[in-house]
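Enquirer: My questions are about this predicted structure, shown below with the sequence.
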Amino acid sequence: MNKKVWAVIKREFVTRAKTKGFIIGTLLFPVLVIFIFSAVFLFSLIFKPSTRQYYIVDQSNQIYNEFVSMNADTFKNGQPKYRFTEQKVDSTELERALESYQEMVRNKQLDGYLFIPADVVESRQVKYSARNISDWDELRDFERALSRIVTNIRLEQKGFSANEIRKEMSQGYIHLVSRQVTQEGEVEKSGLSSFGLAYLLGYMMLLMIMIYGQMLLRSVIEEKTQRITETIISSIRPVDLMLGKIIGICALGLTQLVMAGLFIYLAVAFAEPIFTKFGVTDVGFLNFIRQIDFSSTVFAFLIIFFLLGFVFYSCLYAALGAMVTTEDEGQQMQMPIIFAILAAFFMMIPIIKNPETPMAFWTSLIPFFTPITMFGRVAVSDPMLPSGAILSVFTMIIFTGLLIWVVAKIYRVGILMYGKKASLKEALKWVRYK
Amino acid sequence: MNVVDVENITKRFGDFKAVDNVTFSIRPGTVFGLIGPNGAGKTTTLRMLMNIIIPDSGKITLLGNSNNSQVTNLIGYLPEERGLYRKMKVRELLLFLTELKSMPKKEARQAIDYWLERLELIDWRNKKIEELSKGMQQKIQFIGTIIHQPKLLILDEPFGGLDPINTNLLKDLMLELKENGSTIIFSTHIMESAEKLSEDIFLINKGRRVLYGNLHEIKQGFGKRNILLAYEGNDSFLRQSRLIKKYDNYGQYVEIQLVPSADAQQLLREAIDAVKIRKFEIKEPSLHDIFIDSVKETNNGGNGHE
């Protein structure tokens, strides 16, 4: 490589890597991650979860007992999750009673109440009122229990014996074992954890692009506002200066990432024996980390998409830096770039749930979205590659190459423009300059 | 061989012709003044020399090389818009600049220490640029420009914003480099410094050539050469001389305007024979006068002295 480019790379890297902010950030980030996860875990040990109090008005007189026995789950420490109290209410008093329960829920004396009407077996409607109705697990538990009880009653009415029903029901439950089909055969894998991991990686990509893109932006603008540009480009071609800056800052980002990964790995290695010593084996976060085991192909593709995405968006930030004249303008004008990254991220969420839809395929061919959507798809498809992975590497390389060519032209003219910021139209005119 | 050959370069920005068909050459070891009012096209011309912008047409040859990206290491450029990375330490910054000039590391380190020592900045070598005074920052900028002993030094309005001490320092450094064989181009709109330092000048206005050549010859050719003579004796020789166009006698001295082709030495000889001379001074027109006159002429739509 051109030695002058190397000098620029080194300068960008070293002057930033030496700052206190970078060192502290790099050291602190993994510590912070470990700390937060440990804290969540410790809190759950220290602060006992509260048992939820529910009133149940069962006008059918057929549901309550079985419902209570079916929702006798406990927390890890043996404390019951729910406490139900049956309320016998005369139908004339009903309205007033329900109102008083509402009041209790409002005053936090009660978490909620269930109203089971007399004709529940026919109407199949139960009213559930609570302060917080967003706990999916709880809703699912209640719904399942009620459905089973009502189904049993209906079957009994059809003449089946209670014992028969119980037997058939318990034997009819299906447990879905998720296995992913791969080249090497089938691998048992939890769908939920690979979704979580892909989501996390996509989010990390988004953060890295934004943090380091803005670093590059500031770096380009600094040379303009401090009038350094001309001194530098009397010695080095502008395109080489630009490439040096992009590569230097990408290298910095990569370094931080590798360091963070290393620290987290070490921290897990240290934390695990400590947790086991205290008899705690089921730490969700540690399990999560332990599960990260990408195949080498997938790992290579993750790195390729990471680099391409980083360079692609860096180019956009470099062009922006060359077009504006102050840091404030730069901050304001970066909205379209941030919008593109966020759009990619929000697209990624449905895509990693279902990585092989046509939408997933085509959006990962659009260079603005490829870095994040493909990143997620590759992670979630492990150990296989998602369809179009190789194709999108090629399209990404071609588009990034084109972008470098266009941006180099904008950059060359823009870095010497003081005074006022350029419009996109002007910048595109610069591309045609000799 | 000339150090710089510029042939018919033109540069347009939109409809505006910043530089229009400019041609000049620079002899080795000389100081070349590129002179003109603000906005005349000086900086654009220098940027084209530095390959920072590319001419629409015309050809530039630097140090015998028409692809001037290959000779950037032999050139030192002090732009008009100048600044340094504020967060870098003095030595780091200078080391970076030498790397951009492809200087070997060991040689660069020695040169940096030599110059920091010489300009009394050695105690500041590990300080950040932002901790330095403006004057010190300017000195660092000079060091960065000349540290690689450039064969060609290009200075764009070098004295702009400098304090008197640094003005002098830069002038001395320029002359020192010239002594060592470097060729120097500098652009300015300040006539006094151009007059003191340049041997050849190129006067540019509105992107076009107004005057170009040896400064001394330009002054001689400008026609308004006056002679200041103080003497004791009879003034009849003044009336008889065919060299004199007209003269004003002020009592203490006479101001004489020669006929266009006249030789001042000839007049001196005549004067020695006729009177006792106390003072004989050839007053060449100042560059300032030439500048004002020429620029006025071109602004009035004339073609200058072409």
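Expert: All right, it came through fine.

Enquirer: who are the neighbours in contact with the residue lying closest to residue A:155 once chain neighbours are set aside?
Expert: Beyond its immediate neighbours in the sequence, the residue positioned closest to residue A:155 (C-beta to C-beta, 6 or more residues apart in numbering or on different chains) is residue A:165, lying 5.1 Å away. All C-beta spots, glycine's among them, are computed from the backbone N, C-alpha and C. Taking C-beta atoms under 8 Å, 6 or more residues apart in numbering or on different chains as the criterion, residue A:165 is in contact with A:152, A:155, A:156.

Enquirer: redo that, cut-off 10 Å
Expert: When contacts are counted by C-beta atoms under 10 Å, 6 or more residues apart in numbering or on different chains, residue A:165 touches A:148, A:151, A:152, A:153, A:154, A:155, A:156, A:158.

Enquirer: Which residue ranges of the stretch 51-200 of chain A form strands?
Expert: Under the criterion DSSP state E, counting those that start in this stretch, strands of the stretch 51-200 of chain A are mapped to A:52-58, A:82-86, A:112-116, A:127-130, A:179-182, A:185-188.

Enquirer: Domains in the chain, by residue range?
Expert: With no chain named, the answer covers chain A. Structural domains annotated on chain A: A:3-40+A:190-432, A:51-175, as defined by automatic domain parsing.

Enquirer: that's the wrong chain, I meant chain B
Expert: Segmentation of chain B into domains, based on automatic domain parsing, reads B:4-219, B:226-283.

Enquirer: Of those, give the one that comes closest to chain A.
Expert: The minimum distance between chain A and those falls on domain B:4-219, with 3.6 Å, by C-beta to the nearest C-beta.

Enquirer: Please work out the average pLDDT along the closest one.
Expert: Taken as a whole, domain B:4-219 carries a mean pLDDT of 90.

Enquirer: Ok, stretch B:226-234 next?
Expert: Across stretch B:226-234, the per-residue pLDDT values average to 84.

Enquirer: got it, and stretch A:165-179?
Expert: Throughout stretch A:165-179, pLDDT has a mean value of 75.

Enquirer: helices and strands around the host helix or strand of residue B:231, which ones?
Expert: Under DSSP states H and E, the secondary-structure element containing residue B:231 is strand B:226-232. Under the contact criterion of 3 or more C-beta pairs under 10 Å, 6 or more residues apart in numbering or on different chains; DSSP states H and E, the helices and strands touching strand B:226-232 comprise helix B:236-240, strand B:244-249, strand B:254-258, helix B:264-274, strand B:276-283.

Enquirer: Those into JSON lines, with extra columns for mean neighbour count and distance to chain A?
Expert: JSON lines is the format used below for these (neighbours: other C-beta atoms under 10 Å in any protein chain shown; distance: least, C-beta to the nearest C-beta, whole Å):
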{"stretch": "helix B:236-240", "mean neighbour count": "13", "distance to chain A": "56"}
{"stretch": "strand B:244-249", "mean neighbour count": "14", "distance to chain A": "49"}
{"stretch": "strand B:254-258", "mean neighbour count": "19", "distance to chain A": "46"}
{"stretch": "helix B:264-274", "mean neighbour count": "15", "distance to chain A": "44"}
{"stretch": "strand B:276-283", "mean neighbour count": "12", "distance to chain A": "40"}
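
Enquirer: Using a markdown table, please lay out those together with distance to residue A:63.
Expert: As requested, the helices and strands packed on strand B:226-232 are exported to a markdown table (distance: least, C-beta to C-beta, whole Å):
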| stretch | distance to residue A:63 |
| --- | --- |
| helix B:236-240 | 136 |
| strand B:244-249 | 128 |
| strand B:254-258 | 125 |
| helix B:264-274 | 127 |
| strand B:276-283 | 120 |
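
Enquirer: Between the ones you listed, which one is closest to residue B:295.
Expert: For residue B:295, the closest of these is strand B:276-283, at 21.4 Å, according to C-beta to C-beta.

Enquirer: Tell me the secondary structure of the residue of the stretch 251-400 of chain A found nearest chain B, please.
Expert: Nearest residue of the stretch 251-400 of chain A to chain B (C-beta to the nearest C-beta) works out as residue A:325 at 12.6 Å. Secondary structure state of residue A:325, per DSSP: H, G, I helix; E, B strand; the rest coil, is coil.

Enquirer: Give me the neighbour count for it.
Expert: Using other C-beta atoms under 10 Å in any protein chain shown, residue A:325 is surrounded by 18 other residues.

Enquirer: so it sits right up against residue A:221, yeah?
Expert: Yes - in terms of C-beta atoms under 10 Å, residue A:325 counts as a neighbour of residue A:221; the distance is 7.8 Å.

Enquirer: Report pLDDT for the spatially most central residue of chain A.
Expert: A centroid search over chain A (C-alpha atoms, centre = their mean) returns residue A:199, at 3.6 Å, as the residue closest to the centre. The predicted local distance difference test score for residue A:199 is 84.
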